[in-house]
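In: Sequence and predicted structure below; questions after.
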Amino acid sequence: MDQVTARLATSDDLTDLADLWYENRVLQQQSDSRLALTFGAKIKWIEEASRWLMNPRCAIWAALRQGNRQGYLILWLQDMPPGVVPARVGYVSDMAVDLHSPSGGAGQILLSTARDWLTQQGIENMMIAVPHRQPVQQAFWRGQGARTWMDLMWLKL
């Protein structure tokens with residue numbers, strides 16, 4: 001079996017990562033009609049992710065197997081409200097893996113890499129944005145020891 005590795009993403013990765021992002025969003029859209037992809041969504045994602053790569057509060061990792069991108073994880077350094085501890089946490093705003101990969105492991109490698117990086121920053125806690133109607137993603141994070149903390153509510157105006 002070929003080993004999956006993870007490294008910080010570069011602008012050269014963004015087109016392939018956008019494909020993974022798009023496929024993940026199409027699946028989410030099928031289970032939750034509140035998410036609707038716009039025309040040119042991948043291009044817009046690449047443009048925004050290019051800015052994230054230069055933001056010191058953001059880290060994007062790409063998982064690779066034999067040079068092929070297998071997934072990504074986007075992590076932000078998130079300040080908590082004043083007067084509470086921890087003062088800062090890691091916030092995983094998005095993670096996607098290639099659903100067509102012959103064997104898994106990308107998600108675990110990405111999470112391990114993000115954990116190591118946060119530990120080096122002195123951060124001991126992580127929050128994760130996980131779609132409510134995606135049981136596979138929910139199971140992955142629960143399997144890592146994540147527990148529900150707050151509910152994010154949606155109100156149509």
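Out: Everything's here; your move.
In: Need the phi and psi values for residue 48.
Out: phi -70, psi -40 (degrees, to the nearest 10).
In: swap in the one 5 residues further on?
Out: When read as degrees, to the nearest 10, the backbone of residue 53 gives phi -60, psi -30.
In: my guess is it meets residue 13, correct?
Out: No - the criterion here is Cβ atoms under 8 Å, and residue 53 misses it with residue 13 at 9.2 Å. Using the backbone N, CA and C atoms, a C-beta is placed for each residue, glycine as well.
In: Mutual contacts of these two, please.
Out: Residues touching both residue 53 and residue 13 (Cβ atoms under 8 Å, 6 or more residues apart in numbering): residue 60.
In: Looking at those two, which is more packed in?
Out: Between residue 53 and residue 13, residue 13 has the larger neighbour count (other Cβ atoms under 10 Å), namely 19 against 15.
In: isn't there a helix covering the more buried one?
Out: Yes - assessed by DSSP: H, G, I helix; E, B strand; the rest coil, residue 13 belongs to a helix.
In: Could you report the separation of the nearest residue to residue 125 once chain neighbours are set aside from residue 57?
Out: Closest residue in space to residue 125, ignoring its immediate chain neighbours: residue 89 at 4.5 Å, by Cβ to Cβ, 6 or more residues apart in numbering. According to Cβ to Cβ, to the nearest Å, residue 89 and residue 57 sit 12 Å apart.
In: So the two - more neighbours on which side?
Out: More crowded of residue 89 and residue 57, by other Cβ under 10 Å: residue 89, with 16 against 12.
In: Does the more buried one lie in a helix or a strand, and which?
Out: Using DSSP states H and E, residue 89 maps to strand 88-97.
In: what mean pLDDT would you report for that strand?
Out: Computed over strand 88-97, the mean pLDDT rounds to 96.
In: List the buried residues in the following helix or strand past it.
Out: Downstream of strand 88-97, the first helix or strand assigned by DSSP H and E is helix 106-120. For helix 106-120, burial by neighbour count (16 or more other Cβ atoms under 10 Å) applies to 106, 107, 108, 109, 110, 111, 113, 114, 115, 118.
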